[in-house]
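Student: Mind folding the following:
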Amino acid sequence: MLGEREAEVLEVTPVEIHGVPYADVTVGYPDGVVASARLGRESIPVDLAVGDRVIVQTAMSVIVAVRRA
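Tutor: Got it, this is the predicted structure:
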């Protein structure tokens, strides 16, 4: 099941694992649900920041990418 939902970025934390950059991203949906994911840098906008309105792409209810709304 693939899906998309609008959300607000609550937290973005850069993480590097064995030299590979990732970002831990936490989003809040309008219904109050909060979700987090560790995403590769190719799956988020370069300048993603707290407060940004985004479209969260999911597969099987797991966040797989975030793009600007």
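Student: Could you name the residue of this structure that is farthest from its center?
Tutor: Here the centre of the chain is the reference, and by Cα atoms, centre = their mean the most remote residue is residue 18, at 21.2 Å.
Student: separation between that one and residue 40?
Tutor: Distance, residue 18 to residue 40, by Cβ to Cβ, to the nearest Å: 13 Å. Heads up, the C-betas are built off the backbone N, CA and C, glycines and all.
Student: ok, residue 11 - how many residues close by?
Tutor: Residue 11 is flanked by 13 other residues according to other Cβ atoms under 10 Å.
Student: which residues touch residue 55?
Tutor: Contacts for residue 55 (Cβ atoms under 8 Å, 6 or more residues apart in numbering) come out as 4, 5, 6, 7, 66, 67, 68, 69.
Student: 6 Å - rerun?
Tutor: Applying Cβ atoms under 6 Å, 6 or more residues apart in numbering to residue 55 gives the contacts 4, 6, 67, 69.
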